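Visitor: Have a look at this prediction, sequence included:
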Amino acid sequence: MVREAWSLATALPVPQRNECLPLVSAIQAGTDPRGAWQATLAIGEPGLRQACQIAVLRSGSDGCLPDLAEMAGSFPEESVREAMLREVVSRWALQDPYGLFAWPKLATLPAAVRDEAARCLVIQGDCLNRTPAVAGAWAEAIEEPELRSLAMEAAAREWFAEDPAAASEFVRRSPRLDDARRVAILSALAGQEPP
């Protein structure tokens, strides 16, 4: 059925083909992102191929996030590659932070991609998919100083609701906070109602 859809879409006149191929790519990516990606490689027009590949990355199932991250990392154009890595890796951070953390290629990603994933996990993440300690570790790993301190404060506030002593210790011992920010976060925690 998918092969027929690809054949039909490629046989259409150019305007309709350019509209249909990204849709066919997205539909196939829901169940077979690798196959959809392979199919996009046969598209001769670079702009259309890229549009189809982006559709694959955005529609691929959450069960294939490591594969999607590999695919996103293969874009030749740096700005597109980084943008798609941000999307996929941030999605992965929200769905499976432990799996992302264990991914061997995580350390090779640009700092901005890792920072965005950490920000998503700490600020938007579902508490069911992580613990406050995990959120704290991700927040502490952020490279950009202001984002790091904001994320660390958010993680510490959440952690404080569960374990005030551990949250305060996390802030006190962190080598990634300057003294002024450490004092500000500890003061904010002191004003927060313990459980």
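Guide: That came in fine, so what should we check first?
Visitor: neighbours around T31, how many?
Guide: 13 (other C-beta atoms under 10 Å). Placement of C-beta: from N, CA and C, glycine included.
Visitor: Per-residue pLDDT of it, please?
Guide: T31 is assigned 90 on the pLDDT scale.
Visitor: got a list of what it touches?
Guide: T31 makes contacts with S61, as judged by C-beta atoms under 8 Å, 6 or more residues apart in numbering.
Visitor: ok, it to C64 distance?
Guide: Distance, T31 to C64, by C-beta to C-beta, to the nearest Å: 10 Å.
Visitor: for the closest residue to R86 other than its chain neighbours, what are its contacts?
Guide: Here the nearest residue to R86 in space, its sequence neighbours aside, is E116; by C-beta to C-beta, 6 or more residues apart in numbering that works out to 4.8 Å. E116 makes contacts with R86, V89, S90, as judged by C-beta under 8 Å, 6+ apart.
Visitor: Okay, and the residue nearest to the spatial centre of the chain sits in which element?
Guide: In the chain, the C-alpha closest to the average C-alpha coordinate belongs to S90, at a distance of 1.2 Å (C-alpha atoms, centre = their mean). Assigning secondary structure by DSSP states H and E places S90 in helix 78-95.
Visitor: residues in contact with that helix?
Guide: Residues from elsewhere that reach helix 78-95 (C-beta under 8 Å, 6+ apart): 50, 54, 57-58, 62, 65-66, 68-69, 72-75, 99-100, 103, 106, 109-110, 112-114, 116-121, 124-126, 129, 138.
Visitor: and it, what's its mean pLDDT?
Guide: 92.
Visitor: buried residues in that helix?
Guide: When burial is assessed from 16 or more other C-beta atoms under 10 Å, helix 78-95 yields the following buried residues: 81-82, 84-95.
Visitor: Name the residues that touch the host helix or strand of L147?
Guide: Assigned by DSSP H and E, L147 belongs to helix 145-162. When contacts are defined by C-beta under 8 Å, 6+ apart, helix 145-162 is touched by residues 115, 118-119, 122-123, 127, 132-133, 135-136, 138-140, 142, 166-168, 170-171, 174, 176-177, 181, 184-185, 188-189, 192, 194-195.
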